[in-house]
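# Please find the sequence and the predicted model below.
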Amino acid sequence: MTPRTDSLEIERRIAARPETVFSFFVDPERYRKWQGIEAELDPRPGGIFHITVTGRSRTVVLGEFVEIDPPRRLVFTWGWKQFDGMPEGMLVGPRSTTVEVTLTEEGEGTLLRLRHSGLPTDAALQFHSVGWNTTMDRLVVVSEGGDPGPYPFQEI
């Protein structure tokens with residue numbers, strides 16, 4: 001039997017410099033372009049980020065920046081302060097999980113690696129995998145100068 005993992009890992013190759021990609025994680029205006037939501041960001045170790053999505057339900061993410069090494073790496077905690085209608089087993093509390101983002105220069109582009117750890121259940125792992133894969137695809141589009149279209153999770 002394979003032991004259960006509490007983390008997910010995602011990679012994307014992006015035709016943009018690491019500095020450009022990094023800016024989409026720390027600049028509130030740029031963050032909203034790929035997340036399509038309200039974002040308050042204080043990008044320094046110990047700085048809080050507060051993300052709100054409003055659609056059929058109200059969703060609030062609360063985390064804290066742990067490590068920032070522009071433009072190569074950032075680490076932040078992640079969790080749901082509020083998620084109206086969240087199915088049992090998917091919710092993770094504010095600041096209860098950790099997201100690590102590493103950006104490596106590859107020629108004229110960037111290799112992005114995202115690792116989200118501390119996910120307590122298989123349901124939470126699957127839920128966050130779908131969310132991160134969707135938003136990372138959107139990040140690729142905006143980092144490369146495109147328009148990712150409407151934010152898909154506003155209908156949750």
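All right, it came through fine. Residues are numbered from 1 along each chain as shown.
# ok, Cys134 touching Tyr151?
Careful, residue 134 is Thr and not Cys. No. In this structure, Thr134 is not within contact of Tyr151 by Cβ atoms under 8 Å, at 9.5 Å. Backbone N, C-alpha and C define where each C-beta goes, glycine included.
# Which residue, other than its chain neighbours, is closest to Leu91?
Leaving out its chain neighbours, the residue that sits closest to Leu91 by Cβ to Cβ, 6 or more residues apart in numbering is Trp80, at 5.4 Å.
# same question, Glu144
Nearest one to Glu144, counting by Cβ to Cβ, 6+ apart, is Ala15 at 5.0 Å.
# Next, that neighbour: phi, psi?
phi -80, psi 60 (degrees, to the nearest 10).
# Tell me how far it lies from Asp137.
14 Å (Cβ to Cβ, to the nearest Å).
# what does Leu74 give?
19 Å.
# And for the residue nearest to Gly36 when sequence neighbours are not counted, the neighbour number?
Leaving out its chain neighbours, the residue that sits closest to Gly36 by Cβ to Cβ, 6+ apart is Tyr151, at 2.5 Å. When neighbours are counted by other Cβ atoms under 10 Å, Tyr151 registers 18.
# is it true that Tyr151 touches Ile51?
No. Counting by Cβ under 8 Å, Ile51 is not a contact partner of Tyr151; they are 11.4 Å apart.
# any common contacting residues for the two?
Gln35, Ile37 (Cβ atoms under 8 Å, 6 or more residues apart in numbering).
# a strand runs through Trp132, doesn't it?
No. Checked against DSSP: H, G, I helix; E, B strand; the rest coil, Trp132 lies outside a strand; its state is helix.
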